[in-house]
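Trainee: When you get a sec, could you give me coordinates for this:
(one chain, ligands or ions: 1)
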Amino acid sequence: MRPRIGLTASFRYEEPPAHALEDDYVRAVVQAGGLPLLLPNIDGNAHAAGLLASLDGLLLTGGGDVDPACYGQLPQPVLGHVSPERDALELPLALVRALRAHGGDVVTGARVREILVEDGVARGVVTEDGRRFAARQAVVAGLHVRQLFLELIDDRWLDPRLCEAARQVRTGLSEVVLHVALSEPPRYRPEFGLDAVVHCHLPETMADLVAAYAEYRKGHRYPRAPFQIVCHTLLDSRRAPPGGHVLNVGHYAPYELDGRPETWAAIREPLLAEELERVREYVPNVTERTVVGKAIATPLDIAAYNPMFYRGDIMGMAHIPSQDGYLRPFPGISEYRTPIAHLYLTAACTYPGGSISGAPGRNCAMTVLADLGRGGVP
Ligand SMILES: Cc1cc2nc3c(=O)[nH]c(=O)nc-3n(C[C@H](O)[C@H](O)[C@H](O)COP(=O)(O)OP(=O)(O)OC[C@H]3O[C@@H](n4cnc5c(N)ncnc54)[C@H](O)[C@@H]3O)c2cc1C
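Mentor: Modelled structure (predicted):
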């Protein structure tokens, strides 16, 4: 039997009101071998768990903005179209509601500064604003392994060899990412025939590809770096104001540029102009007339943005044989359990690693459930 894939629908307010979804989503699921099932916008409180239980997979389709009221904020001037009907079902909100219905809570905007350990057992966390949260059953950290063991836990609970292993994890390349908002669709040079393509990899020549990685290894930039251009708005026009489009352009880059990560800060502005010029070679209508917004993130920015992206590695740590699979992040803690009782590690530093897969979280949850004697896998 084909896997049943639930697709969240938009709510259309015309008469009569409709739960609707573009054909592209349905066809994509069929082409990928799934059985698409449209999820109507019914009350997530009452039905999210039941709907999810009947599915093998879930695809949250694109759409308008989440109503800021859902997370206790006032609308901003840039707020687009909202749909309370749809918000009532979407998974993140439904998950929060399900957690709260079971006596749990979700706290955001609060950085954890310490994991509380007593007699070798994880007992809770302390946030930077001094609040203490006690753990009834377990503490699960979706953090970088370095941050967990080198910053958040008192040394006396840790074997120095484990701390050393955390210190030694190796990172891979980082990225330079350019975001460009356009007032019209991107138009590639006609000979490429790429106007309808959402995601293009543009490796130039094989010689450029090889030379670029050789330069990265030495900590240098490569002017004709193999790069990608992604334009999601070609598939989902609701992600930009009417008629507008967004290009996401990126390529790998070393974190330490010419020996120092700070070099990136010094070249950010000229780099933005240079990257735009490069895009223009392929997409000539990216000009002053059409560009309504632009921003660049260098490896230094990516590292500063999120402690998970240690040294700018968007996978947390390198996917190399010595720290992949059963060896991720390193032997001894590669099965989500840590030497501290009731403390678990998940996310990009655990198998199968970085990316938006949900797999480390699912695997870790199964491990926690098994330890609690509630099913899962031993
Ligand atoms: C520019 C860019 C493009 C990418 N493109 C893709 C792509 O196309 N496809 C793909 O699959 N992946 C992509 N990735 C990679 C992907 O985003 C990551 O691998 C993934 O998010 C890792 O998930 P995670 O749960 O391990 O960490 P995260 O998603 O980073 O979650 C960790 C969270 O913990 C929070 N945190 C950190 N420290 C603390 C603390 N002390 N207390 C409380 N909270 C804390 C962080 O703020 C963060 O929200 C991209 C990443 C970047 C930067």
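Trainee: three-state assignment of the residue lying closest to L372 once chain neighbours are set aside?
Mentor: For L372, ignoring the flanking residues on the chain, the nearest one in space by C-beta to C-beta, 6 or more residues apart in numbering is Q137 at 6.1 Å. For the C-beta atoms, the positions are set from N, CA and C on the backbone; glycine is no exception. Per DSSP: H, G, I helix; E, B strand; the rest coil, the local secondary structure of Q137 is coil.
Trainee: What residue in the stretch 51-200 of the chain comes nearest to the ligand?
Mentor: Among the residues of the stretch 51-200 of the chain, V112 lies nearest to the ligand; the distance is 3.7 Å by C-beta to the nearest ligand atom.
Trainee: Show me which residues of the stretch 201-350 of the chain are close to the ligand?
Mentor: Listed as neighbours of the ligand in the stretch 201-350 of the chain under the rule C-beta under 6 Å from any ligand atom: I302, N306, P307, M308, F309, I314, M315, G316, A347, A348.
Trainee: Could you identify the most distant pair in these?
Mentor: Across these, the two members that end up farthest from each other (C-beta to C-beta) are I302 and A347, 16.3 Å apart.
Trainee: so who does the spatially closest residue to G33 that is not a sequence neighbour touch?
Mentor: Once its chain neighbours are removed from consideration, G33 has its nearest residue in R2; the separation is 6.1 Å (C-beta to C-beta, 6+ apart). If a contact means C-beta atoms under 8 Å, 6 or more residues apart in numbering, then R2 has G33, G34, L35 as its contacts.
Trainee: got CSV for those, with distance to the ligand, pLDDT and neighbour count too?
Mentor: Shown next, in CSV, are the contacts of R2 (distance: C-beta to the nearest ligand atom, whole Å; pLDDT from 0 to 100; neighbours: other C-beta atoms under 10 Å):
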residue, distance to the ligand, pLDDT, neighbour count
G33, 20, 96, 9
G34, 19, 96, 19
L35, 24, 96, 14
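Trainee: Spell out the residue ranges of the strands in the stretch 151-300 of the chain.
Mentor: Per DSSP state E, counting those that start in this stretch, the stretch 151-300 of the chain carries strands over the ranges 174-182, 199-202, 227-230, 245-253, 291-297.
Trainee: can you give me the mean pLDDT across the second one?
Mentor: Per-residue pLDDT values over strand 199-202 give a mean of 92.
Trainee: other SSEs contacting it?
Mentor: For strand 199-202, the helices and strands in contact under the criterion 3 or more C-beta pairs under 8 Å, 6 or more residues apart in numbering; DSSP states H and E are strand 227-230.
Trainee: Check the first one too.
Mentor: With contacts defined as 3+ C-beta pairs under 8 Å, 6+ apart, strand 174-182 has these neighbours: strand 245-253, helix 263-282, strand 291-297, helix 299-305.
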